[in-house]
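Trainee: below is the sequence, then the predicted model.
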Amino acid sequence: MNEEIIMRESVRVKGKETQMILTLQGLELRSRIRSIRRSSYNKEKAFHLNWKDIMSVRPAPNLKEAGVLLLHYISHETNKILLVKTLQIQGIRNCDQWIDLINHHISVSGRPKRLFVVINPIGGAGKGLHIYYDTVEPLFKLASIETSVIVTERSKHALNIAESTDFSQFDGIVIVGGDGLYQEILQGLTVQVQKKDGVNYNHCDQELHKLNVPLGIIPAGTGNGVTRMINGVIDVRTAALNIIRGEHHRAQVFTVYNNNKLLCVCGLIFAYGMFSDLIKRTDELRWMKRLRYPFAIIGTLMKRKRMFQAELHYRLSVLDSMDEGSSLAEWMTIEPAIQDYCCIYALPFELIPKDNHNIVNPYGQHVQLIVCTGCSKLAVFKSFFDFLMGKTITSKPGSLEVIKNIRDFKLKAVYGIQDRSSSQDVRNTALDHLIDVDGEVLNLETAEIIVRLQNSFVPLFGCRLLEGHQQ
Ligand SMILES: Nc1ncnc2c1ncn2[C@@H]1O[C@H](COP(=O)(O)OP(=O)(O)OP(=O)(O)O)[C@@H](O)[C@H]1O
């Protein structure tokens, strides 16, 4: 360690003589270990903790006078799992000075001091309140983070909260729920920011102002796709500890426009066709709780494929070598201009090749558009899960096409060209007017949907999945 030493002292950790060293980067515990061959101490072992990973330091109960401190820290385990561990440090001469210095460095490490927490009590298995109060809140308390908690009382409550609350006093918003709750907060905040800045957010060509308050997601929903993307794992403790660490990166989202209005902001998946039909079905089966998903998927696979007719246009992102940003190319059209589709979907993540697999990167510059025409329903599901697992989806013209480097796309559904007199046709017409956004169905007012990718739009607490990507 070459950093300038601010304070050091000889202490004892696990009964061993140890040098405790404090620098601008963090704390180091350096002990000498006995060589296997010789009986003398001749090797040094150093355990380094950077400030983001130190949760707290406090006197061991009733042992402060004896110079014993408890150091709680975040341990990085395999597979991106984070855990809290504790070290007992003995033989400290000046406990107060160490506590003050350590607390000072933690407080300037970027750790959030005040968080606004929104809990969905009915998301997933309905355990949001337990998850928060049993697991997350004790960790926030240990890290001396103040919280202001609100529990949602109805659907769209989170959207209203996000649109109307002044978050200037908070260092972040913690969402205890699933992707649907995240989508509501995202949308409410986006509208709040645009209204405050006088941005005409309903116009699809208007540049939007980006969000500035970081969001953290504690998995308490059914799918929990966003939390998996940003933490690399679905784990309540890991998600909470990533929020405490304070590291955040800007993720991309889609803004979706319909009938000259911003319909929604989408953080996980935009889909039209088979997936919106599926989500509509899971809504009808809500009484089955979590079982509704496998039940609806099996039902979808067994039914006849529903095709719809549409025009599809897209713009690619062109990397601008001058500023490494990206500019937009001309609109292109999928030929033939009007054709039958069974599903069109996109996720606001970029697949980045690394070694012999891809990393699903939420912080990228462009996305893939998956266009399913002649393929089977099983192939549509497979492409979706392959994408989430970072597998490359191979384009098969006339069956399932993958259009890369997408920035925007425009979909114009052709309604009612079939004879829609039977009850099945009436149902199909209703399905034509639905889209799936982050696992929730939304109604369309007109046939045209415009989807724009917004780069680096929302700061999300979580780990950096790929070294070197844009923050
Ligand atoms: N108190 C409430 N009563 C009824 N509905 C609510 C309440 N709070 C939130 N909701 C609604 O619950 C829906 C689903 O929430 P959430 O995303 O948290 O869980 P999920 O759907 O089980 O998980 P996922 O979206 O990850 O699959 C949201 O659309 C939200 O509007």
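Mentor: Everything's here; your move.
Trainee: for Pro353, what are its contacts?
Mentor: Contact criterion Cβ atoms under 8 Å, 6 or more residues apart in numbering gives Ile359 as the residues in contact with Pro353. In short, each C-beta sits where N, CA and C put it, glycine included.
Trainee: start the count at 37, not 1, going forward
Mentor: Yes, from this point I'll number from 37; that puts the last item at Pro389.
Trainee: can I take it that it is in a strand?
Mentor: Yes: secondary structure of Pro389, determined by DSSP: H, G, I helix; E, B strand; the rest coil: located in a strand.
Trainee: would you mind measuring from it to Ser412?
Mentor: Using Cβ to Cβ, to the nearest Å, one obtains 27 Å as the distance from Pro389 to Ser412.
Trainee: what of Gly261?
Mentor: For Gly261, the distance to Ser412 (Cβ to Cβ) stands at 23 Å.
Trainee: again with Glu386
Mentor: As judged by Cβ to Cβ, Glu386 and Ser412 stand 27 Å apart.
Trainee: just Asp202 next, same as before
Mentor: Using Cβ to Cβ, Asp202 is found at 50 Å from Ser412.
Trainee: then Ile442?
Mentor: Summarising the geometry, the distance separating Ile442 from Ser412, computed by Cβ to Cβ, is 24 Å.
Trainee: quick one, which of these two is more surrounded?
Mentor: Neighbours were tallied for Ile442 and for Ser412 using other Cβ atoms under 10 Å; the higher tally belongs to Ile442 (18 against 14).
Trainee: helix/strand/coil for the more buried one?
Mentor: When states are read from three-state DSSP, the local structure at Ile442 comes out as strand.
Trainee: what's the closest non-adjacent residue to it?
Mentor: Across the structure, with Cβ to Cβ, 6 or more residues apart in numbering as the measure, the residue nearest Ile442 apart from its sequence neighbours is Leu405 (4.6 Å).
Trainee: quick one: that neighbour is in a strand?
Mentor: Yes: membership of Leu405 in a strand is supported by three-state DSSP.
Trainee: could you tell me the end-to-end distance of stretch 155-162?
Mentor: 11 Å (Cα to Cα, to the nearest Å).
Trainee: residues touching that stretch, excluding its own?
Mentor: Contacts for stretch 155-162 (Cβ under 8 Å, 6+ apart): 164-165, 168, 185-188, 194, 212-214, 216-217, 255-258, 260, 325-326.
Trainee: and with 7 Å instead?
Mentor: Applying Cβ atoms under 7 Å, 6 or more residues apart in numbering, the set of residues contacting stretch 155-162 from outside is 164-165, 168, 185, 187-188, 212-214, 217, 256-258, 326.
Trainee: ok, stretch 257-268 next?
Mentor: Applying Cβ under 7 Å, 6+ apart, the set of residues contacting stretch 257-268 from outside is 116, 159-160, 213-218, 253, 255, 270, 274-275, 278, 303-304, 326, 329, 385, 396, 398, 475, 496, 498-499, 501.
Trainee: make a PyMOL selection of whichever of the residues you listed turn out to be buried.
Mentor: For anyone working in PyMOL, the buried entries among the contacts of stretch 257-268, judged by 16 or more other Cβ atoms under 10 Å, can be selected with:
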select buried, resi 159+160+213+214+215+216+217+218+253+255+274+275+278+303+304+329+385+396+398+475+496+498+499+501
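Trainee: any idea which helix or strand in the protein has the lowest mean pLDDT?
Mentor: Evaluated with mean pLDDT, DSSP states H and E, the helix-and-strand set of the chain has its lowest mean pLDDT in strand 362-364, which scores a mean of 64.
Trainee: hmm, Arg286 is touching Ser492, no?
Mentor: Yes: contact criterion Cβ atoms under 7 Å: Arg286 and Ser492 qualify, at 3.8 Å.
Trainee: hey, where'd the strands end up in the stretch 187-336 of the chain?
Mentor: With DSSP state E, counting those that start in this stretch as the definition, the stretch 187-336 of the chain shows strands at residue ranges 209-213, 251-255, 284-294, 297-302, 306-309.
Trainee: which elements pack onto the longest one?
Mentor: Spelled out, it's strand 284-294. Identification of packing neighbours for strand 284-294 by 3 or more Cβ pairs under 7 Å, 6 or more residues apart in numbering; DSSP states H and E yields strand 297-302, strand 484-497.
Trainee: out of these, nearest to the ligand?
Mentor: Comparison of the helices and strands packed on strand 284-294 against the ligand by Cβ to the nearest ligand atom identifies strand 297-302 as nearest, at 11.5 Å.
Trainee: partners of the residue nearest to Leu277 when sequence neighbours are not counted in the sheet?
Mentor: Excluding the flanking residues, the one nearest Leu277 by Cβ to Cβ, 6+ apart is Leu118, at 4.0 Å. Residues in a beta bridge with Leu118, per DSSP bridges, are His112.
Trainee: do you know how far the residue of the stretch 237-386 of the chain found nearest the ligand is from Phe83?
Mentor: Minimum separation of the stretch 237-386 of the chain from the ligand (Cβ to the nearest ligand atom) falls at Gly257, amounting to 2.5 Å. Between Gly257 and Phe83 the computed distance is 37 Å (Cβ to Cβ).
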